[in-house]
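Enquirer: A structural model of the following input is requested.
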Amino acid sequence: MFDWHLVLGIFAGVIAFASIIPYIRDILHGTTRPNVVSYSLWALVLSIGMLGQWSSGASWSIIFLLGDLLAVFAVITLCAMGYGYHKYGMVEWTCLALAIIAIISWQATNEPLLAIIFALIADILAAIPTVVKTYHEPKSELPLGWFMVAFGGILGIISNTVFDFANLLFPIYIILLNSTVGILALRGRRLM
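Expert: Take a look at the predicted model:
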């Protein structure tokens, strides 16, 4: 029996992961500089969001989150090799501290939906350094990758078979965040 929700969920995950291909190309050419703090926190927060979604009855949109997580790990690997934006200021350290506080707060509650909400709060805080950097230096990000993840998020939502807060919150947020960074990055460079 053909399950189009599963196929769409897989396609969303593939798009989220494939978004990293042009991004890595630009990182290696030195034109895109990912913020190491944001990507490290995103890996942690996406993992928590996925676990929270899984424990509250995940739908196929979780495949989208998995594809996004694998792409984030690819960027972290490059950052560990010396690529990326390594200027840390008050914004980065404040966001890191607040994100860690949000994650610890979730651990104390032991509720899957609260885990997703706290992970979302931590993700918003983790995104601030990248949004600020992209606003000030739009050429430091590649719009195409951000828009691909936003499109994958749309497909992830459509792939859902369970339409509840736990399964929709992260994909909706990822669409909004990635669209915002993509639009900010468009101000300063080409699409590809």
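Enquirer: let's see the pLDDT reported for residue 169.
Expert: What the model reports as pLDDT for residue 169 is 88.
Enquirer: and what of residue 189?
Expert: 66.
Enquirer: for residue 109, list the residues it contacts.
Expert: 115, 118 (C-beta atoms under 8 Å, 6 or more residues apart in numbering). All C-beta atoms are positioned from the backbone trio N, CA, C, and that covers glycine.
Enquirer: any idea how far it lies from residue 70?
Expert: With distances taken as C-beta to C-beta, to the nearest Å, residue 109 is found 28 Å from residue 70.
Enquirer: just residue 26 next, same as before
Expert: Taken as C-beta to C-beta, the span from residue 26 to residue 70 is 18 Å.
Enquirer: who has more neighbours out of the two?
Expert: residue 26 (19 against 15; other C-beta atoms under 10 Å).
Enquirer: how about the CA coordinates for stretch 32-40, as PDB?
Expert: C-alpha atoms of stretch 32-40 as PDB (Å, rounded to 0.1, in the frame of the first residue of the first chain):
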ATOM      1  CA  THR A  32      30.000  31.300   3.600                       C
ATOM      2  CA  ARG A  33      31.000  31.400   7.200                       C
ATOM      3  CA  PRO A  34      28.600  29.500   9.500                       C
ATOM      4  CA  ASN A  35      28.400  30.600  13.100                       C
ATOM      5  CA  VAL A  36      29.900  27.800  15.200                       C
ATOM      6  CA  VAL A  37      27.800  28.600  18.300                       C
ATOM      7  CA  SER A  38      24.500  28.500  16.400                       C
ATOM      8  CA  TYR A  39      25.300  25.200  14.600                       C
ATOM      9  CA  SER A  40      26.500  23.500  17.800                       C
END
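Enquirer: tell me the mean pLDDT for the helix ranked longest in the chain?
Expert: Counting by DSSP state H, the longest helix found in the chain is helix 112-136. For helix 112-136, mean pLDDT is 84.
Enquirer: how about that helix: buried residues?
Expert: Buried positions in helix 112-136, judged by neighbour count with 16 or more other C-beta atoms under 10 Å: 112-113, 115-134.
Enquirer: good, we can wrap up now.
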